[in-house]
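*Asks:* Following is a predicted model, sequence given first.
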Amino acid sequence: MLKMAPTALLDHYLGISRLLAGQLEFRSAIRAVAKEISHIIPHDHLDVCIIMHGGKYHTAYETGLETAWSTHPPALVSGSPIRTLLWGEVTHILTDDACRDPRFNFEGAFVRPVFDQDLRSRIHVPLKVEGDVIGALSCSSHETAAYTMDDIANAHSIADLLSPYFFALRAAEQAQRSAIVEAEARAREEGLRLGALNLTEALERERQRIGMDLHDQTLADLTRLSRRLERLAHETEVPGEALEPLARGLQHCMQDLRQIIEEAKPSVLQLFGFVQAVENHLDRSVRDSGLSILTELVDETDGVIDSLDQTVCVALFRIIQEAINNAVRHSQAGRITVRMREVGGGISIQVGDDGIGIEKRRRRNGGGIDNMKTRARLISAKFSISAGHDTIGTVVGIHLPVAAGARRILNQRSDA
């Protein structure tokens, strides 16, 4: 092989650098520079293999001939015919006939393309960045004994030009893969969130439907039954005191049913907003209980909750409703406090009391806590229940990340 003049050699090196510019992926990059490389090192097959992050696998990008090295990626580095080079054990590989060279023909070697394409003379040099091997440049010829140490030296120079560019492409590809994985994860998360919201909305619609059915049918039937019972007391010889407990029990049943219907469709929430609905429920629950309980509601959200999706608002209201009901019925508290505030890019709501504490209440709460947890999960909120300050009483907490629209409203208000 004739030795090339230094000026001509320099021109080809500059050509390689120029052709690399603007290439955005490995295959197009190696194909763009193949002709310039052929002027320096004539070849029938040219490939660059890149070690993937983790160092266990590598992928080959070819030009000239297409072989199984690139059509079946990725491959184990341990099975590569040039594994010693990729592991950094040798600085180069030069062979006059790869079909006979034992360095390429070890047990488990992925060497079939060498024989299928009759790749005899081969040179391999590493692609290095900051001393680390990131891959290899390989040139092959159908002729035997086609290359010399001068070709190895030129190959090293070409590899020095390719290495930083291919390192950047590998980093970009890894970043793209990570971005795709992250985007897919976010899409799955968003899908689950939307599914949960749809489920919450469906549950709320069903709850309201049941409430309306109870109002239109069951409560009406009980009302008619109550009136018939009153007429029966006047029209028969049955003593009034015998029917009075039955009438009283029926009235209690109707009262409880009206409360269920009222809770099934929180009209105060829809008409007057979240804070007013919570305050109304807190006052009514304490008043209807007949207990002497002080109440306090502290709102530091500036109405942000009302800017949330209606389904989320209703779910939050249901959780607070249950927490207040539990505090009134089971805590034996002298004071119940509901606090709402904007914390850490989200809405934080706490329902606290100074009663007997969560450990003594758990035996009485039934499925109320589980219901609150489930509602919180359905709207991607964090739910907690713990002892209060100095282990006195109980605090139920809900933290909900604010939706982008609500956060913008909050920022606009703070700027104003």
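*Replies:* Yep, it's here.

*Asks:* drop to CA atoms for contacts and neighbour counts, all remaining ones
*Replies:* OK.

*Asks:* what about the strands in the stretch 1-150 of the chain?
*Replies:* In the stretch 1-150 of the chain, the segments counted as strands under DSSP state E, counting those that start in this stretch are 45-51, 57-63, 75-76, 93-95, 121-129, 132-141.

*Asks:* Now distance to residue 170, mean neighbour count and mean pLDDT too, for those, in a markdown table please.
*Replies:* Shown next, in a markdown table, are the strands of the stretch 1-150 of the chain (distance: least, C-alpha to C-alpha, whole Å; neighbours: other C-alpha atoms under 10 Å; pLDDT from 0 to 100):
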| stretch | distance to residue 170 | mean neighbour count | mean pLDDT |
| --- | --- | --- | --- |
| strand 45-51 | 8 | 24 | 91 |
| strand 57-63 | 11 | 21 | 88 |
| strand 75-76 | 16 | 18 | 88 |
| strand 93-95 | 24 | 18 | 94 |
| strand 121-129 | 12 | 24 | 93 |
| strand 132-141 | 9 | 23 | 92 |
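
*Asks:* out of the ones you listed, nearest to residue 161?
*Replies:* Nearest to residue 161 among those is strand 121-129 (9.1 Å), distances taken as C-alpha to C-alpha.

*Asks:* relative to strand 45-51, how tilted is that closest one?
*Replies:* 30 degrees (axes from the mean of the first three to the mean of the last three C-alpha atoms, to 10 degrees).

*Asks:* Quick check: neighbours of strand 121-129 in the sheet, parallel or antiparallel?
*Replies:* The pairing partners recorded for strand 121-129 under DSSP bridges are strand 93-95 (antiparallel), strand 132-141 (antiparallel).

*Asks:* can you tell which of the strands of the stretch 1-150 of the chain is closest to residue 169?
*Replies:* strand 45-51 (10.1 Å).

*Asks:* closest to residue 294 out of the strands of the stretch 1-150 of the chain?
*Replies:* Closest among the strands of the stretch 1-150 of the chain, using C-alpha to C-alpha: strand 57-63, at 68.0 Å.

*Asks:* Run the chain-centre distance for that closest one.
*Replies:* 32 Å (C-alpha atoms, centre = their mean, to the nearest Å).

*Asks:* hang on, the earlier thing: so for residue 377, which of the strands of the stretch 1-150 of the chain sits nearest?
*Replies:* Nearest of the strands of the stretch 1-150 of the chain (C-alpha to C-alpha): strand 57-63, 40.2 Å.

*Asks:* What lies in contact with that closest one?
*Replies:* 26-27, 30-31, 34, 45-52, 69-70, 73-77, 135 (C-alpha atoms under 8 Å, 6 or more residues apart in numbering).

*Asks:* Equivalent analysis for stretch 98-115, please.
*Replies:* Stretch 98-115 has contacts (C-alpha under 8 Å, 6+ apart) with 67-69, 78-82, 95, 118-122.

*Asks:* of the residues you listed, closest to residue 286?
*Replies:* Using C-alpha to C-alpha, residue 78 is the member of the contacts of stretch 98-115 that lies nearest residue 286, at 73.5 Å.

*Asks:* Tell me which residues touch that closest one, please.
*Replies:* Taking C-alpha under 8 Å, 6+ apart as the test, what residue 78 contacts is 56, 109.

*Asks:* go with 10 Å
*Replies:* Residue 78 is in contact with 55-58, 84, 86-87, 108-110, counting by C-alpha atoms under 10 Å, 6 or more residues apart in numbering.

*Asks:* Mind pulling the model confidence for it?
*Replies:* On the pLDDT scale, residue 78 is placed at 89.

*Asks:* do the same with residue 215
*Replies:* 56.

*Asks:* same thing with the one 5 residues further on?
*Replies:* Per-residue confidence for residue 220 comes out at a pLDDT of 64.

*Asks:* Over to the one 4 residues further on?
*Replies:* Turning to residue 224, the model gives it a pLDDT of 67.

*Asks:* one step back: could you save the strands paired with strand 121-129 as a markdown table and add columns showing distance to residue 345?
*Replies:* Below are these laid out as a markdown table (distance: least, C-alpha to C-alpha, whole Å):
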| stretch | distance to residue 345 |
| --- | --- |
| strand 93-95 | 58 |
| strand 132-141 | 42 |
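
*Asks:* Could you export the strands of the stretch 1-150 of the chain as CSV, including distance to residue 150?
*Replies:* Shown next, in CSV, are the strands of the stretch 1-150 of the chain (distance: least, C-alpha to C-alpha, whole Å):
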stretch, distance to residue 150
strand 45-51, 18
strand 57-63, 23
strand 75-76, 30
strand 93-95, 11
strand 121-129, 11
strand 132-141, 13
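
*Asks:* Could you chop the chain up by domain?
*Replies:* As recorded under automatic domain parsing, the domains making up the chain are 6-184, 273-416.

*Asks:* right, and those - which one's nearest residue 226?
*Replies:* Using C-alpha to C-alpha, the nearest of these to residue 226 is domain 273-416, at 22.2 Å.

*Asks:* All the helices of the stretch 151-300 of the chain, residue numbers only.
*Replies:* Using DSSP state H, counting those that start in this stretch, the helices of the stretch 151-300 of the chain run over 219-235, 240-264, 267-272, 274-289.

*Asks:* what about residue 356, how many residues close to it?
*Replies:* Counted with other C-alpha atoms under 10 Å, the neighbours of residue 356 add up to 18.
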